[in-house]
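# give me the fold of what follows.
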Amino acid sequence: MQVAGKGLFRLHPLIEQFLERKMAEAGQQQEMRQGFVDVLVAIAQDVPSQPTLAEVAELGPTLPHLKAVANKFCGMLSGEDLIWPFSAIARFYDGQGLYGLAEPWYEQSVEITRSALGEEHPDYAISVNNLAGLYCAQGRYGEAEPLYLKALGIKRSALGEEHTSYATSLNNLAGLYKSQGRYREAEPLYLKALEITRSALGEEHLSYAISLNDLAVLYRAQGRYGEAEPLYLKALETRRSALGEEHPDYAVSLHNLAGLYKSQGRYGEAEPLYLKDLEITRSALGEEHTSYATSLNNLAGLYCNSFKPWKWFKAIQLVFQCLRITLRTLGWRHQGSHISIFNVFAALFIPAVLTGLLTQGLLISLKIHSILPLLQSVMGVLLVILINRSGIEGRLWAKGKYKLSKYKSRKSSKNPPKRQT
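Residues are numbered from 1 along each chain as shown. The predicted structure follows:
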């Protein structure tokens, strides 16, 4: 028997079968099963949408029990509890960026709520909305939009246009439009969601902070920096008060405010916010999480704007580290991976051009052209060292699209890179 967290224990299958047989003999099996299901539903309701490392460790042993409820005891769930085991398992995976593992559970949630509750029920709308959110996170916008629209229509009919769940659907659809660059369609949805949330929950609620933050992101994308900043600051303060300064959602607000400052050229104000965001995200979610990759990428972007050469080379290291995480979690086809690859070349471009210009100017002034091959070789070695230190593996180059220098080939023959899965 192992402790599984939340007051639960995980039993060896043989012991579990023995106890079930004994309970059946005593006429207690049904009662005990119902108690088991009720406890697991309560746990499922507390699974966060983005679990921290500590929460993953705590919830991990409970996962087999949740799967047992979903697969074996689904018939014992009441209508209002039906969605919870499926959505909890999906959120557990989704929040870690494990989208392939999350998708079948979201799909099962859609199917089970449709079969048991019908297509006009709010819980069916929530299931559809959650699946759309997964598609959106994967860049599958064409698949996400009809689901978001369907969920929005069901919630409007079942709950009315003043309900917070309807506001959530408005906000999510607006986020999809923003991701597609459809800013004019996104803004009225964001504003309506913000007003509903303020009226229903007040300005100190976390849901209101989410709406503020998302509207600010839209304004920043449109270059409306003066309108975005007070929204970011209000969301940041609300999250600090409600969640504390170690929570990943607080890190998101730091990250977004830093991005605004970077867009305005306020690099000195942006850097400490990016660094704090990076540290919180590393501690809370780990160094293999997509949110950590995003933090690395944006800090690298800040460093690329610096006039200090050491920051350019730090940026190269960061973007390669970001690319490794993105390829592992999202795969080659995801838009985020394409952006990461572009950022690698963008980060390499500035120091490469400036180094070339400086080298050429130095050689012309000194008229020592014979050392040009030597300097080029030294720069090649330095680049390889940066690539190796950043942790990027051989997968990018193994695709046959790019080649490293002969120095990388020599090094690889001694220390072959690990295969990324």
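
# give me the element G100 is part of.
helix 99-117 (DSSP states H and E).

# S109 versus the closest residue to I83 other than its chain neighbours, what's the distance?
In space, and not counting its chain neighbours, I83 is closest to D123: 4.8 Å by Cβ to Cβ, 6 or more residues apart in numbering. Every residue, glycine included, has its C-beta placed from N, CA and C. Separation of D123 from S109 (Cβ to Cβ, to the nearest Å) stands at 9 Å.

# quickly list what's touching both of these two.
Residues touching both D123 and S109 (Cβ atoms under 8 Å, 6 or more residues apart in numbering) are I83.

# which one of those two has more residues nearby?
S109 (27 against 23; other Cβ atoms under 10 Å).

# how about S211: what's its closest non-neighbour residue?
In space, S211 is closest to L194, 4.3 Å off (Cβ to Cβ, 6+ apart).

# so the one you found versus Y177, what's the distance?
Taking Cβ to Cβ, one finds L194 at 15 Å from Y177.

# next one: T281
T281 sits 27 Å away from Y177, taking Cβ to Cβ as the criterion.

# what of N297?
Distance from N297 to Y177, by Cβ to Cβ: 23 Å.

# if we can go back for a sec, thinking the residue nearest to I83 is in contact with L82, fair?
Yes: counting by Cβ atoms under 8 Å, D123 touches L82, with 6.8 Å between them.

# circling back: which element follows the helix or strand the residue nearest to S211 falls within toward the C-terminus?
Using DSSP H and E, L194 maps to helix 183-201. Using DSSP H and E, the helix or strand that follows helix 183-201 in sequence is helix 206-221.

# packing partners of whatever helix or strand comes next after that next one?
Remark: after helix 206-221, the chain's next helix or strand is helix 225-243, criterion DSSP H and E. Applying 3 or more Cβ pairs under 8 Å, 6 or more residues apart in numbering; DSSP states H and E, we find helix 225-243 packed against helix 206-221, helix 248-263.

# any chance of a markdown table for these, columns mean pLDDT and distance to A137?
Shown next, in a markdown table, are the helices and strands packed on helix 225-243 (pLDDT from 0 to 100; distance: least, Cβ to Cβ, whole Å):
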| stretch | mean pLDDT | distance to A137 |
| --- | --- | --- |
| helix 206-221 | 96 | 15 |
| helix 248-263 | 95 | 14 |
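
# okay, those helices in TSV with mean neighbour count and distance to P104 next?
Below are the helices and strands packed on helix 225-243 laid out as TSV (neighbours: other Cβ atoms under 10 Å; distance: least, Cβ to Cβ, whole Å):
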stretch	mean neighbour count	distance to P104
helix 206-221	22	27
helix 248-263	23	25
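
# can you redo the ones you listed as TSV with distance to A158?
Listed next are the helices and strands packed on helix 225-243 as TSV, based on distance: least, Cβ to Cβ, whole Å:
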stretch	distance to A158
helix 206-221	19
helix 248-263	29
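
# tell me how far H163 lies from V110.
For H163, the distance to V110 - Cβ to Cβ - is 21 Å.

# those two: who's more crowded?
Between H163 and V110, counted using other Cβ under 10 Å, V110 has the larger neighbour count: 21 against 16.

# shared neighbours, D123 and L82?
What both D123 and L82 touch, as defined by Cβ under 8 Å, 6+ apart, is the set T113, L117.

# could you check how many residues crowd around E245?
11.

# swap in R266?
13.

# same thing with the one 10 residues further on?
A count of nearby residues for K276, using other Cβ under 10 Å, gives 17.

# same thing with T238?
By the criterion of other Cβ under 10 Å, T238 has 23 neighbours.

# and it, how far is that from N213?
Distance from T238 to N213, by Cβ to Cβ: 9 Å.

# pretty sure Y106 is in contact with A132, am I right?
No: look at Y106 against A132 with Cβ under 8 Å: they stay out of range, at 9.2 Å.

# quick one, helices of the stretch 251-400 of the chain?
Here the stretch 251-400 of the chain has its helices, by DSSP state H, counting those that start in this stretch, at 267-285, 290-304, 309-330, 335-366, 372-390, 395-398.

# run the angle between the third one and helix 290-304 for me.
Read it as helix 309-330. Counting by axes from the mean of the first three to the mean of the last three Cα atoms, to 10 degrees, helix 309-330 points 160 degrees away from the direction of helix 290-304.

# list the buried residues in helix 309-330.
311-330 (16 or more other Cβ atoms under 10 Å).

# what about the stretch 301-421 of the chain, any weak spots by pLDDT?
307, 309-310, 329-421 (pLDDT under 70).

# quick one, phi/psi of G97?
phi 80, psi 10 (degrees, to the nearest 10).

# wait, S49
phi -70, psi -20.

# tell me who's in contact with it.
R91, D94, G95 are the contacts of S49 under Cβ under 8 Å, 6+ apart.

# would TSV of those residues with pLDDT and distance to L66 be doable?
Formatted as TSV, these follow (pLDDT from 0 to 100; distance: Cβ to Cβ, whole Å):
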residue	pLDDT	distance to L66
R91	94	11
D94	93	14
G95	91	14
